[in-house]
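Peer 1: no sequence for this one, just the structure:
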């Protein structure tokens, strides 16, 4: 996993609340293997007509085409657990989404792919989105170690993040490696846990 | 000993290790489907094997067609779709996991088949490659969906890192009225608490209106917990649960059954256990619900109207409603029963169980469908049972289509989909933009309400039809 440390990048405001993962990646693209095609899958049906021509959408125009940060509204990423929604964000170039709240599964999926989700209060997100609309192409700084976002007017916003998620993102740590440290404990746990519950695990079940 | 919630009891039994508040949990069951190809791809890339193949259950459901199934996988016309089903079969065989493939008579949706087979049991921790895994909480298990990375991790290690969720108890008291189903209950709950009302929480549903539900109804309620943003939903196991479990293929038998039952009875929340949040609703006041907007909280009783945006004080909310009505092609303030539908879909992991089909058939027998209406059973087992009861004949006589099991028009990736602008009364779980096909418009309803919409060609109060 690519570590996330610091980022200074163009940010795009998305004013809509409850953006679900169906919008980020329409279901029919779930079968596409992860790769560069995901760049155009992001918000596909909002960005493109059936014939492939472009619709009016911020992500289709300069400077937002080059955005690496999204500043969103509440409950970003609800609905389906599809990780393809994260592939779409990532391949488009997005490395950080800032919003008042995130859906749990999507937020986990982002973290597992090195994409940082930052929770800031509603009013602060709204204020930053306003700055970005007024000054398209303005950049934002995100510093994970310091847990700060510096907005387009150079105002600093502090954010909270779980220490384990922070460490994993900063170091690009992957869960499989973390879990391997506990292999001995796992074996002991499982042996004790399965004892007396043969109906759950015995061989030859239908 | 301190009083514990059911979540705490189940959670506590599964902790393998802890790191600064993140817990490594043992996973009992993993449920996957064709879309889990991403997880298998990473597993292969890392040269990992499935750690406990006997605990992983694979389902051909998302991509399987719902007609022309006699030719099996080779009968799937679209090569990309055919390859998704083949890939699942190949991955399951390569890794030795149990497969309910396209030709299996038990084949069906990953949230229908495991309960039917007794794979879902109280007290288990179940992770699924699908957000509606919350369904299985109806048995008093902790069950939730995860993305490809986490599913890959579970397959590789049989464990998952999680942070302990908060608890929300939702109490639905009273007795449900005539013509009211579990779907109306959960839509009423979501309308009340919002699509993010359960975020960060596991919901436990309690109250007479909940315990009075069959297992099928309880699964419908828990299924849509994710539509309230919850990590999971659960209902305490009781005699209804045990009666459902008894004799299922994977359920314990003989002395094991006695031992299992003893354990299951320890699971319900202790009296006096504290929840982080509480909500209560009067079940007796719930009317048949329909959604009018583009997420499941945008719903109301069928006797009501689409919101009049002029009366919405908050300007952000007004903009949100205007955008939803614009997409849905509806007029602000119009009666919900004036909404004409082009199609009807009865199916999905929310509402394709035998009880759902019985409820829909009871309405279908009262007339003829005047718009195309599909019935898609949730599994081969449901289909056979329905045919035994003659439900298929009732549907066919009423002009409904009787199709083969799968996710069908809920996920709309198997070739079943709405055309742009088409409006569908649907028993599925998501009315998101484009969910049932690009430009499609979805109104979520119960199975009885969907059948009623088919007979009338518009959203209609099923209670009037049933009374007449």
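Peer 2: Received, thanks. Just so it is clear, the model here is predicted, and its values are computed rather than measured.

Peer 1: in stretch B:16-25, what counts as buried?
Peer 2: Applying a neighbour-count criterion of 16 or more other Cβ atoms under 10 Å in any protein chain shown, one finds B:16-17, B:22-25 buried in stretch B:16-25. No exception for glycine: its C-beta is placed from N, CA and C like everyone else's.

Peer 1: now, which of these lie close to chain A?
Peer 2: Within the set of those, contact with chain A (Cβ under 8 Å from any Cβ of the partner chain) is found for B:16-17, B:22, B:24.

Peer 1: any chance of those in JSON lines, plus secondary structure?
Peer 2: Formatted as JSON lines, those follow (DSSP: H, G, I helix; E, B strand; the rest coil):
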{"residue": "B:16", "secondary structure": "strand"}
{"residue": "B:17", "secondary structure": "strand"}
{"residue": "B:22", "secondary structure": "strand"}
{"residue": "B:24", "secondary structure": "strand"}
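
Peer 1: of the residues you listed, just say which sits nearest to residue B:229.
Peer 2: Using Cβ to Cβ, residue B:22 is the member of these that lies nearest residue B:229, at 20.8 Å.

Peer 1: residue A:43 reaches residue A:60, doesn't it?
Peer 2: No - in this structure, residue A:43 is not within contact of residue A:60 by Cβ atoms under 8 Å, at 9.2 Å.

Peer 1: so what secondary structure elements neighbour the helix or strand bottoming out on mean pLDDT in chain A?
Peer 2: Within chain A, no helix or strand scores below helix A:198-201, which has a mean of 80 by mean pLDDT, DSSP states H and E. Contact analysis of helix A:198-201 by 3 or more Cβ pairs under 8 Å, 6 or more residues apart in numbering or on different chains; DSSP states H and E lists helix B:254-264 as its packing neighbours.

Peer 1: just give me the neighbour total for the residue nearest to residue B:399 when sequence neighbours are not counted.
Peer 2: Nearest non-adjacent residue to residue B:399, counting by Cβ to Cβ, 6 or more residues apart in numbering or on different chains: residue B:369, 4.1 Å away. Applying other Cβ atoms under 10 Å in any protein chain shown, we find 21 residues neighbouring residue B:369.

Peer 1: then residue B:261?
Peer 2: So residue B:261, with other Cβ under 10 Å, has 15 neighbours.

Peer 1: what's the nearest residue to it if we skip its chain neighbours?
Peer 2: residue B:242 (6.3 Å).

Peer 1: give the buried residues for the host helix or strand of that neighbour.
Peer 2: Under the criterion of DSSP states H and E, residue B:242 resides in helix B:239-245. Buried residues in helix B:239-245, counted by 16+ other Cβ under 10 Å: B:240-242, B:244-245.

Peer 1: and the two most separated of the ones next to chain A among the buried residues of stretch B:16-25?
Peer 2: Farthest pair in these, by Cβ to Cβ: B:16 and B:22, 11.6 Å.

Peer 1: give the contact list for residue A:18.
Peer 2: A:73-75, A:78, B:195-196, B:295, B:320 (Cβ atoms under 8 Å, 6 or more residues apart in numbering or on different chains).

Peer 1: let me redo that: residue A:87
Peer 2: A:25, A:34, A:38, A:41, A:113 are the contacts of residue A:87 under Cβ under 8 Å, 6+ apart.

Peer 1: next secondary structure after the longest strand along chain A?
Peer 2: Counting by DSSP state E, the longest strand found in chain A is strand A:6-13. Toward the C-terminus, strand A:6-13 is succeeded by helix A:21-24 as the next helix or strand (DSSP H and E).

Peer 1: show me what the helix or strand that that next one is followed by is packed up against.
Peer 2: Using DSSP H and E, the helix or strand that follows helix A:21-24 in sequence is helix A:38-41. Counting contacts by 3+ Cβ pairs under 8 Å, 6+ apart, helix A:38-41 packs against helix A:84-92.

Peer 1: quick one: buried residues of the least confident helix or strand of chain A?
Peer 2: A:199-200.

Peer 1: how about residues contacting it?
Peer 2: A:194, B:28, B:54-55, B:121, B:124, B:250-253, B:256-257, B:260.

Peer 1: how deep is the residue of the stretch 151-300 of chain B found nearest chain A tucked in, by neighbour count?
Peer 2: The nearest approach of the stretch 151-300 of chain B to chain A comes at residue B:252, 3.6 Å away (Cβ to the nearest Cβ). Neighbours of residue B:252 under the rule other Cβ under 10 Å: 22.

Peer 1: ok, it - contacts?
Peer 2: A:199, B:259-260.

Peer 1: now do the same contact list for residue B:465.
Peer 2: B:363, B:366-367, B:452, B:455-456.

Peer 1: redo that, cut-off 7 Å
Peer 2: B:363, B:366, B:452, B:455 (Cβ atoms under 7 Å, 6 or more residues apart in numbering or on different chains).

Peer 1: that one belongs to a strand, doesn't it?
Peer 2: No - secondary structure of residue B:465, determined by three-state DSSP: helix, with no strand assignment.

Peer 1: cool, thanks, talk later.
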